[in-house]
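Engineer: coordinates only, sequence not included:
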């Protein structure tokens, strides 16, 4: 029994895994946005993910690095429309992953893989900021990093399956 769909080359498990990962990523990103906006409106707001002084997601989300990866405000003002919360970027990323994941083409597979590499690079960067600059542990952040790595794996498997399918089709 084959582990991929014989008509597309996409692994059979890929659609359900992608849906679960993107759904979880969206839930975490929307929650992160909620925490950030709640904290901006009420500095005394305490999120469920604030477990202690050095385990505080709201501290991370409202830090300089919680918007535009801490990089956008170098080029624009802190309040620029370009300096969006990282959670908004996450919402866009997971929606794109979910939508493009419905397409079966080498172009969509390429975009899925490339955007996953960008998300993993961003995750590594933000993890380093979290550990070495902020000295904090953010449960929501680390969970999204894990999801991003899992999506990269999923997208690489998809691309490999599609490429194998195309090679088989050409050799027939």
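Structural biologist: Sure, I can see it. In this text, all values refer to a predicted model and were calculated from it rather than measured experimentally. Numbers count the residues shown, from 1 in each chain.

Engineer: now do the contacts for residue 154.
Structural biologist: 14, 17-18, 21 (CB atoms under 8 Å, 6 or more residues apart in numbering). All C-beta spots, glycine's among them, are computed from the backbone N, C-alpha and C.

Engineer: go ahead and flag the most central residue of this structure.
Structural biologist: Centroid check for the chain by CA atoms, centre = their mean gives residue 148 as the closest residue, at 4.6 Å.

Engineer: now that residue: which helix or strand?
Structural biologist: helix 139-171 (DSSP states H and E).

Engineer: mind listing what's buried along that helix?
Structural biologist: Neighbour counts using 16 or more other CB atoms under 10 Å place 140-141, 143-145, 147-152, 154-155, 157-159, 161-162, 165 of helix 139-171 among the buried residues.

Engineer: quick one: average pLDDT of it?
Structural biologist: The average pLDDT within helix 139-171 is 86.

Engineer: what's the distance between the residue lying closest to residue 140 once chain neighbours are set aside and residue 118?
Structural biologist: Nearest residue to residue 140, sequence neighbours excluded (CB to CB, 6 or more residues apart in numbering): residue 57, at 4.8 Å. To residue 118, residue 57 is 23 Å away according to CB to CB, to the nearest Å.

Engineer: who's more crowded, those two?
Structural biologist: residue 57 (27 against 13; other CB atoms under 10 Å).

Engineer: contacting residues around the residue nearest to residue 140?
Structural biologist: Taking CB under 8 Å, 6+ apart, one finds 32, 35, 47, 49-50, 138-141 in contact with residue 57.

Engineer: what about the nearest residue to residue 65 once chain neighbours are set aside, how many neighbours?
Structural biologist: Nearest non-adjacent residue to residue 65, counting by CB to CB, 6+ apart: residue 129, 4.9 Å away. Counted with other CB under 10 Å, residues neighbouring residue 129 total 19.

Engineer: what ranges does this structure have for its strands?
Structural biologist: Ranges of strands in the chain, per DSSP state E, are 50-52, 55-56.

Engineer: got the contact list for the shortest one?
Structural biologist: Spelled out, it's strand 55-56. Contacts of strand 55-56 (CB under 8 Å, 6+ apart): 49-50, 136-139.

Engineer: test my guess that residue 49 contacts residue 141.
Structural biologist: No - applying CB atoms under 8 Å as the test, residue 49 and residue 141 come out as separate, 9.1 Å apart.

Engineer: ok, now how distant is residue 64 from residue 71?
Structural biologist: Going from residue 64 to residue 71 by CB to CB gives 10 Å.

Engineer: more neighbours: these two, which one.
Structural biologist: Neighbour comparison, residue 64 and residue 71: the larger count goes to residue 64, with 16 against 12 (by other CB under 10 Å).
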